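Enquirer: Fold the following and give me the result.
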Amino acid sequence: IHFLDEATLKRWGVPREVVFSVADRNMCRILSKAEIGEEIFCGNIKALELKLPCPEFCSSMIMCNEFRSLVYDRLGAKFLVVAPSRESLLVLKNITNDILEGLGTVILSEYRKAKNPLTTDVLLFTPQDIQIAGRFSIGHNENRED
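Expert: Residues are numbered from 1 along each chain as shown. From the prediction side, this is the model:
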C-alpha cells in the first residue's frame, strides 16, 4: 500500500478529483470480487462479512460508491459497520445498544490481535450520512496482542 500525499499528486500533475474517481472505480472493481458471507450472531443479529482478494483494502471498501447499495440489498438502508483493522470488516443490521455491548469483547479482541489495527468505533450508516454510534475503549494499561 502506498499512500498518495499532496507532493506525489503535484509531481504527477493529476488533480485530486481525478485520483479519487480512479480510486473509487478500482475499489468498486475489488468490491465486486468480494466473497460476502451472511452470518447470524448472538442468535438473531444478521451480519455480513467481506472477504476480498486484497484483504489489506477491506476496511477502505466502506468509502466505495457501491458499498451502500451492496449492503442495502441485504440489510436495509440503516446498518452498523465495525472495522477493527485494515483487513477486517463486519457489517451488522442496525441493532440495539445492549446487543452491541455484547459484541464489544469481540471488537476489542480483533483490534488487539490485528496486524494493522484501525478503530474500535462502531459506525452507523444511514441514507443521509455516517456517524459514530459507539466506541469501545482500550484501557491505557492494555497492550495489543502481537
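Enquirer: I'd like to know how far the residue nearest the centre of the chain sits from P15.
Expert: Of all residues in the chain, the one closest to the mean position by C-alpha atoms, centre = their mean is S59, 3.7 Å from it. For S59, the distance to P15 equals 26 Å [C-beta to C-beta, to the nearest Å]. For glycine as for every other residue, the C-beta is placed from the backbone atoms N, C-alpha and C.
Enquirer: if we can go back for a sec, name the nearest residue to the residue nearest to the centre of the chain, ignoring sequence neighbours.
Expert: Once flanking residues are discounted, S59 sits nearest to A83: 3.9 Å by C-beta to C-beta, 6 or more residues apart in numbering.
Enquirer: I'd assumed L118 was in contact with that neighbour.
Expert: Yes. Counting by C-beta atoms under 8 Å, A83 touches L118, with 5.2 Å between them.
Enquirer: if I look at those two, which residues touch both of them?
Expert: S59 (C-beta atoms under 8 Å, 6 or more residues apart in numbering).
Enquirer: And the two? Which one has more around it.
Expert: Neighbour count, other C-beta atoms under 10 Å: between A83 and L118, A83 has more, with 25 against 19.
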